[in-house]
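*Asks:* Build the 3D model from these lines:
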Amino acid sequence: MSVHASQSVSRKGLSANQLAAARAREFVCAALHGWTAELVDGSGASATDATPDAGVAPAPVPAPEEVEELVDDAVLLVSELVTNAVMYAGTDIDVVCRLERNPVTRVGVVVEVVDRHPSRGVRGGVDTRHGEPGFGLQLVNALSESWGVTYRRAEKRVWFRLEVAARETSVAEPASSGSGATEPGSDARSHDAGPPAQPAHAHGYTPEWTDRGGPSFLAETSELLAGQLDEAMVTALAAQMLVPRLADWCGIWLSTPGRGLQLSRVWHADEQRMSPLREELERIPPPTALRAGGTPWPWPESAGADRAGGSAFAFPLVARDTDQGVLLLGRAGQPQMTETVVRMVQDMARRVAQAVFTARQYTRQRRISAALQRRQLPATLARGGGGV
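*Replies:* Numbers count the residues shown, from 1 in each chain. Here you go, the predicted structure:
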């Protein structure tokens, strides 16, 4: 039996103002209520669904109360993402709503909030430190099946996926094919392949550490990091580009005079693993004298992958013959890192190191300029004892 997923897509453009969140809520609510009403009453079936082949079960239908909960969650989460886009990007916004129907498993809703400021990183998430803004993304993490960020040359997409289990509908005397049907009581989640357009987590790995980025990946990296004058923003952008395109998780340490390596950023495809992974990596920092790229690293237990473990490799961050830090990447399933991937990650590490070096030089020059300006002031003003 062949199974074909179908989807419905709707899009709305918004201006970045105080009304954007309310209009996004109205748009998502109206779109989902229209689609899900068709699903619940059966009128949303396609022409092929209306006349199914013999022995083929019709598309499952979600329960009305679960549909209402899905709509409520989607409206709440899109409000959080649009508010973040207005506050931190300030550009025109597109809201894309996609309903995905899989005849075997479940109904999924993917909502994307698109802004035109890709160099501005996403604020928040479970990796947020106390006192930082953007805690609304923790709500997205708690309610959604999966969520993530996609950086492109001229835009940034923050998306989330919600799912609702679908009920099987009965058919008379289905043909005994021995495959395809979900038996009563079985867990349909095991058949879910995630959003087909942009999956958040890949659970099946090839023996080789595949190159998911290619030349465009390095070009996007250079464009995003160019002009960044804050080393914390550099590491945040680098981590979110590496995961999940090239790795399941990553850690970035930066060299600090007199303090050695300090863990600057941790990112994981599974948001719930970020905090424990950060704690474990902080206890076991990499050596400061790391020189070779692709150095094997012990797999952290908090990184996941159950008993299968995974592969982790460390790369030095070096710019202008000075150590800027260490980049650590991990993938589940014991994949082997090919020479092609090693070279690409080394190129990525050089770009990150150069961006960190530039940001630090800028910070140093700014401090020197401020000190020189204070020295030219009268003594009372320079000490802060006078002034208007």
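
*Asks:* where along the stretch 101-250 of the chain do the strands fall?
*Replies:* Listed in chain order, the strands of the stretch 101-250 of the chain (DSSP state E, counting those that start in this stretch) span 106-115, 146-151, 156-167, 208-209, 249-256.

*Asks:* Lowest average confidence across those, which one?
*Replies:* For those, mean pLDDT drops lowest on strand 208-209, to a mean of 61.

*Asks:* mind putting the strands of the stretch 101-250 of the chain in JSON lines, distance to residue 314 included?
*Replies:* Any C-beta I mention is one placed from the backbone N, CA and C, and that applies to glycine too. Formatted as JSON lines, those follow (distance: least, Cβ to Cβ, whole Å):
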{"stretch": "strand 106-115", "distance to residue 314": "34"}
{"stretch": "strand 146-151", "distance to residue 314": "24"}
{"stretch": "strand 156-167", "distance to residue 314": "28"}
{"stretch": "strand 208-209", "distance to residue 314": "14"}
{"stretch": "strand 249-256", "distance to residue 314": "9"}
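
*Asks:* Just put these in TSV and tack on mean neighbour count and distance to residue 283.
*Replies:* TSV is the format used below for the strands of the stretch 101-250 of the chain (neighbours: other Cβ atoms under 10 Å; distance: least, Cβ to Cβ, whole Å):
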stretch	mean neighbour count	distance to residue 283
strand 106-115	24	36
strand 146-151	20	27
strand 156-167	20	31
strand 208-209	18	26
strand 249-256	23	12
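
*Asks:* For this structure, name the helix or strand with the lowest mean pLDDT.
*Replies:* When the helices and strands of the chain are scored by mean pLDDT, DSSP states H and E, helix 47-50 comes last with a mean of 39.

*Asks:* Looking at the strands of the stretch 101-250 of the chain, which is nearest to residue 342?
*Replies:* Shortest distance between residue 342 and those, using Cβ to Cβ, is found for strand 208-209: 8.8 Å.

*Asks:* Show me the helices in the stretch 101-250 of the chain, by range?
*Replies:* Assigned by DSSP state H, counting those that start in this stretch, the helices in the stretch 101-250 of the chain fall at 136-143, 215-225, 231-242.

*Asks:* Any idea how many residues pack against residue 9?
*Replies:* Number of residues near residue 9 (other Cβ atoms under 10 Å) recorded here: 12.

*Asks:* and it, how far is that from residue 113?
*Replies:* Distance of residue 9 to residue 113, computed by Cβ to Cβ, to the nearest Å: 15 Å.

*Asks:* Over to residue 156?
*Replies:* Distance of residue 156 to residue 113, given as Cβ to Cβ: 9 Å.

*Asks:* ok, now residue 378?
*Replies:* Counting by Cβ to Cβ, the gap from residue 378 to residue 113 is 52 Å.

*Asks:* Run through the stretch 201-350 of the chain and note the low-pLDDT ranges.
*Replies:* Across the stretch 201-350 of the chain, the ranges flagged by pLDDT under 70 are 201-215, 305-308, 334.

*Asks:* Which of the residues in the host helix or strand of residue 343 are classified as buried?
*Replies:* Using DSSP states H and E, residue 343 falls within helix 339-375. If you call a residue buried by 16 or more other Cβ atoms under 10 Å, then helix 339-375 has these buried ones: 341-342, 344-360.

*Asks:* coming back round to it: and the helices of the stretch 101-250 of the chain as JSON lines, adding distance to residue 289 and mean neighbour count?
*Replies:* Converted to JSON lines, these look like this (distance: least, Cβ to Cβ, whole Å; neighbours: other Cβ atoms under 10 Å):
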{"stretch": "helix 136-143", "distance to residue 289": "37", "mean neighbour count": "18"}
{"stretch": "helix 215-225", "distance to residue 289": "26", "mean neighbour count": "16"}
{"stretch": "helix 231-242", "distance to residue 289": "21", "mean neighbour count": "23"}
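
*Asks:* Would you tell me which of these gets closest to residue 94?
*Replies:* So among the helices of the stretch 101-250 of the chain, helix 136-143 is nearest, using Cβ to Cβ, at 17.8 Å.

*Asks:* and the closest one with strand 146-151, angle?
*Replies:* 130 degrees (axes from the mean of the first three to the mean of the last three Cα atoms, to 10 degrees).

*Asks:* mean confidence score for helix 136-143?
*Replies:* Rounded mean pLDDT across helix 136-143 is 80.

*Asks:* what's that helix packed up against?
*Replies:* Judged by 3 or more Cβ pairs under 8 Å, 6 or more residues apart in numbering; DSSP states H and E, helix 136-143 is in contact with helix 64-88, strand 146-151.
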